[in-house]
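Undergrad: Sequence first, predicted coordinates after that:
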Amino acid sequence: MSGILDVSGLTVRFDTPAGTVHAVNDVSYSLADGETLGVVGESGSGKSVHVLAMLGLIARPPGRIAGGSVTFGGRDLLTLSEAELRDVRGGQIGFVFQDPMTSLNPVLTVGRQIAEPVIRHRGLSPRQAWQRAAELLDLVGIADPERRLRQYPHQFSGGMRQRVMIAIAVACNPKLLIADEPTTALDVTVQAQILGLVRDLKARMGMSVIWITHDMGVVAGLADTVQVMYGGRIVERGPVRAIFKDPRNAYTWGLLRALPDHGQRVQRRLHQIEGQPPDLYAPPKGDPFAPRNPFATPRCFEQIPPLVPAAGAVPGHLVAAWYDLPRLLAQRGDAR
Amino acid sequence: MIRFLLGRLGESALAVLGVVTIVFIVTRLLGDPAILMLPVGATPEQLASFRAELGIDRPLVVQYADFLWNAVRGDFGRSFQHNRPAIEVVAERMPATLELASSAIALGLLIGGGAGMIAAMNRGTALEVFVMLLALLGQATPVFWLGLMLILFFAVDLGWFPTGGAGTFWHLALPALTLATFTSASIARLLRSSVIDVLREDYVRTARAKGLLPRTVMVWHIARNALIPVATMVGILAGELLGGSVITETVFAWPGVGRVIIQAIEVKDFPVVQAGIMMIAVTFVSINFLVDLLYGVLDPRIRLR
């Protein structure tokens, strides 16, 4: 399958004094044109690092890409020079980061920060770029753009700053927008507004989106495809409905059980996944989730399961598990 | 912005008032000028008439008010030694002091700024360790010793520079270098840690994610933020140079305010001492006022508060 982004065998390591961190391990997936991919996982799952690494945004050293390829626009990003990567970043791939309070430069005007990538990638004059910045502010729903452009980040609220970040990310009409937990630091109501804004922009500009989050609820309302990561690996991937209705990996199942269910009449205690995330300095030789997995089989501790099409599931639904989750759940009489 | 300015101006005025008051109190603690200045064996009548002449027989409050009023007008009395207004004696030395201090700061920004940047951009390398050791050494070396060594080597042995005095660039070189050793070391160490802090900031990652050229990221996103604490440092250094260059001025026979104060203290020429201290205090306060203004320009968060 070939799309706008093809990741194959991506492996990222960090060489630290305490040892080598196995941050991203053999990650492969493909993103179709116009697709929205939700990447879900907890801290340390490799969900953020793998996208930062493919665009040269991790510190090297200690970071290092130990293998794989990332094809975007017909070229392998991992073999590009830093100068070539700079043309891709901000031009063809836009980024929105987690914390809007710290992601904007406090001493430059918002207008200048939006104009920068336009001048850099589109070669507009500063005056034209300023004009474009005003259009962009308007596009992301900030009123009175002419005045707001001359203001500094501290004069904007958190939600407004995230809108500014989005304006920067889409300034050059990128083919791909990567949003790294962009709503985590925001109030729930503002979060919903930002989600709506991105859905709207995606439809208007026809971008593909990779939305990184730890929140299954956010993914449900936004993504076409969900990809669950654990211990630097993809453990399950598939169309959003399939993942929610028919999870095949015990970790995905645990994440879904941890969601509050608003439709349910009887209050139930929220589920929590017991245990600690895996030690990335010395990853276990088997399935990294096995020690926390109530369904783990002896094989789970011995051998890493490959990511393969789930038996009897919809096309495109892949899972890495040695156990048959639906059968085990049925045995427990606990099907969701 | 106006309120920020007025506030700083008020603070500056208060600081100067504080210095005037301290100078007033210290001069009163130095002993009775009549006994100090009249020959031994002066009669009580002579002492009393001299005190009346100086006005120090009046109540302290009256003397203080008088002193304040005179200070505002720049009148610190006549120098005993030069028999001219004390402020004149000091004022004509001011350009030399400013010349030396500004050279030391300019050199410090140039050398220290470069060294700090190099150290920060080469983290964890031998180069960083070397630059930082040099900076530590520069900060720890006593100024008088360094001055003497420079004179011994470059002026006495090699004869490249004059041993003292002022007037030409050659006269300025050694004393400026002496002071710049300290200023550049301080600036280098501060800028290094400041740049390292900024490098960790999310907005630097944002700038890189925008695909900006390294030069743009360096100047507008890293240096622009890292220089804010350096501005404060320059204000403090300027103060230290104006007051603390007394030693360097003495070592190099540099005709500045510091040296004139030392000479005045030796001959108990109190009006000149007072005028000199006031001059240094006012200059120090003015420079820090300017630095505060600069701070407002550098950091919009302060300007608009």
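TA: Everything's here; your move.
Undergrad: got a list of what the most centrally placed residue in chain A touches?
TA: By CA atoms, centre = their mean, the mean C-alpha position of chain A lies nearest to A:Ile212, the distance being 2.1 Å. A:Ile212 makes contacts with A:Val39, A:Lys47, A:Ser48, A:Val51, A:Ile178, A:Ala179, A:Asp180, A:Glu181, as judged by CB atoms under 8 Å, 6 or more residues apart in numbering or on different chains. C-beta here means a position set from N, CA and C on the backbone, and glycine is covered the same way.
Undergrad: B:Arg3 too?
TA: Taking CB under 8 Å, 6+ apart as the definition, B:Arg3 has no contacts.
Undergrad: Do you have the strands of the chain handy? List them.
TA: You didn't say which chain, so I picked chain A. Taking DSSP state E, the strands of chain A run over residues A:5-16, A:19-31, A:36-40, A:63-72, A:75-76, A:93-96, A:176-180, A:208-213, A:225-230, A:233-239, A:308-309, A:318-319.
Undergrad: Under the pLDDT cut-off, which ranges of the stretch 201-336 of chain A? List them.
TA: Counting by pLDDT under 70, the ranges of the stretch 201-336 of chain A that qualify are A:261-269, A:334-336.
Undergrad: B:Leu237 - nearest residue in space that isn't next to it in sequence?
TA: Excluding the flanking residues, the one nearest B:Leu237 by CB to CB, 6 or more residues apart in numbering or on different chains is B:Thr183, at 5.2 Å.
Undergrad: which SSE is that neighbour in?
TA: Using DSSP states H and E, B:Thr183 sits in helix B:169-199.
Undergrad: Distance from that helix to the middle of the chain?
TA: 14 Å (CA atoms, centre = their mean, to the nearest Å).
Undergrad: could you say what helices and strands it packs with?
TA: Counting contacts by 3 or more CB pairs under 8 Å, 6 or more residues apart in numbering or on different chains; DSSP states H and E, helix B:169-199 packs against helix B:94-121, helix B:126-140, helix B:143-150, helix B:224-251.
Undergrad: Is any residue of the next helix or strand after it near chain A?
TA: As assigned by DSSP H and E, the chain's next helix or strand after helix B:169-199 is helix B:202-209. Yes: using CB under 8 Å from any CB of the partner chain, we find that helix B:202-209 touches chain A at B:Asp202, B:Tyr203, B:Arg205, B:Thr206, B:Ala207, B:Arg208, B:Ala209.
Undergrad: can you give me the mean pLDDT across helix B:202-209?
TA: Predicted confidence along helix B:202-209 averages 93 (mean pLDDT).
Undergrad: Give me the contact list for it.
TA: Counting by CB under 8 Å, 6+ apart, A:55, A:57, A:89-90, A:95, A:97, A:99, A:102-106, A:116, A:165, A:168, B:198, B:216-217, B:220-222 sit against helix B:202-209.
Undergrad: Can you check what angle separates that helix from helix B:169-199?
TA: Here the directions of helix B:202-209 and helix B:169-199 differ by 90 degrees (axes from the mean of the first three to the mean of the last three CA atoms, to 10 degrees).
Undergrad: pLDDT of the helix or strand just after helix B:202-209, averaged?
TA: Once helix B:202-209 ends, the next helix or strand along the chain (criterion: DSSP H and E) is helix B:214-216. Average pLDDT, helix B:214-216: 90.
Undergrad: chain center to helix B:214-216: distance?
TA: 35 Å.
Undergrad: Stretch A:30-38 too?
TA: 11 Å.
Undergrad: Just the endpoints, please. Distance across it?
TA: Using CA to CA, to the nearest Å, one end of stretch A:30-38 lies 13 Å from the other.
Undergrad: model confidence over it, on average?
TA: Stretch A:30-38 comes out at a mean pLDDT of 93.
Undergrad: For that stretch, buried residues please.
TA: A:Ser30, A:Leu31, A:Glu35, A:Thr36, A:Leu37, A:Gly38 (16 or more other CB atoms under 10 Å in any protein chain shown).
Undergrad: So what touches it?
TA: Counting by CB under 8 Å, 6+ apart, A:1-7, A:29, A:176, A:202, A:206-211, A:213, A:218-219, A:222-227, A:240 sit against stretch A:30-38.
Undergrad: which other residues reach stretch B:270-280?
TA: B:19-20, B:23, B:27, B:30, B:33, B:71, B:76-82, B:86-87, B:89-91, B:94, B:242-243, B:257-258, B:260-261, B:264-265.
Undergrad: Mind doing that once more with 7 Å?
TA: B:19-20, B:23, B:27, B:71, B:76-79, B:86-87, B:89-90, B:94, B:242-243, B:257, B:260-261, B:264-265 (CB atoms under 7 Å, 6 or more residues apart in numbering or on different chains).
Undergrad: Backbone dihedrals for the residue in the stretch 151-300 of chain A that chain B sits nearest to, please?
TA: Closest residue of the stretch 151-300 of chain A to chain B, CB to the nearest CB: A:Tyr152 (4.4 Å). A:Tyr152 adopts backbone torsions of phi -100, psi 160, taken as degrees, to the nearest 10.
Undergrad: Look up how far A:Pro153 lies from the residue nearest to it when sequence neighbours are not counted.
TA: In this structure, A:Tyr152 finds its nearest non-sequential neighbour in B:Pro300, 4.4 Å apart by CB to CB, 6+ apart. Applying CB to CB, to the nearest Å, the value for B:Pro300 to A:Pro153 is 9 Å.
Undergrad: neighbour count winner among the two?
TA: Higher neighbour count among B:Pro300 and A:Pro153: A:Pro153, with 24 against 18, using other CB atoms under 10 Å in any protein chain shown.
Undergrad: contacting residues around that one?
TA: For A:Pro153, counting by CB under 7 Å, 6+ apart, the contacting residues are A:Leu104, A:Pro106, A:Val110, A:Arg161.
Undergrad: again, only using 6 Å
TA: A:Leu104, A:Pro106, A:Arg161 (CB atoms under 6 Å, 6 or more residues apart in numbering or on different chains).
Undergrad: B:Gly164: which of these is nearest?
TA: A:Pro106 (47.9 Å; CB to CB).
Undergrad: Phi, psi for that closest one please.
TA: According to degrees, to the nearest 10, A:Pro106 has phi -70, psi -20.
Undergrad: Tell me which helix or strand comes right after the helix-or-strand element of chain B with minimal mean pLDDT.
TA: When the helices and strands of chain B are scored by mean pLDDT, DSSP states H and E, helix B:33-37 comes last with a mean of 72. Going down the chain from helix B:33-37, the next helix or strand is helix B:44-54, by DSSP H and E.
Undergrad: For that following helix, buried residues please.
TA: Applying 16+ other CB under 10 Å to helix B:44-54 flags B:Phe50, B:Arg51 as buried.
Undergrad: Quick one: list the elements packing against it.
TA: helix B:33-37 (3 or more CB pairs under 6 Å, 6 or more residues apart in numbering or on different chains; DSSP states H and E).
Undergrad: Identify all contacting residues around the helix it packs on.
TA: So helix B:33-37 is contacted by B:Leu47, B:Phe50, B:Arg51 (CB under 6 Å, 6+ apart).
Undergrad: Need the residues you listed in JSON lines (columns: pLDDT).
TA: JSON lines is the format used below for the contacts of helix B:33-37 (pLDDT from 0 to 100):
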{"residue": "B:Leu47", "pLDDT": "82"}
{"residue": "B:Phe50", "pLDDT": "79"}
{"residue": "B:Arg51", "pLDDT": "79"}
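Undergrad: and of the residues you listed, the nearest to A:Asp324?
TA: B:Arg51 (108.3 Å).
Undergrad: Without its sequence neighbours, what residue ends up closest to the closest one?
TA: B:Asp57 (4.5 Å).
Undergrad: who are the neighbours in contact with B:Ile262?
TA: B:Ile262 neighbours (CB under 6 Å, 6+ apart): B:Thr250.
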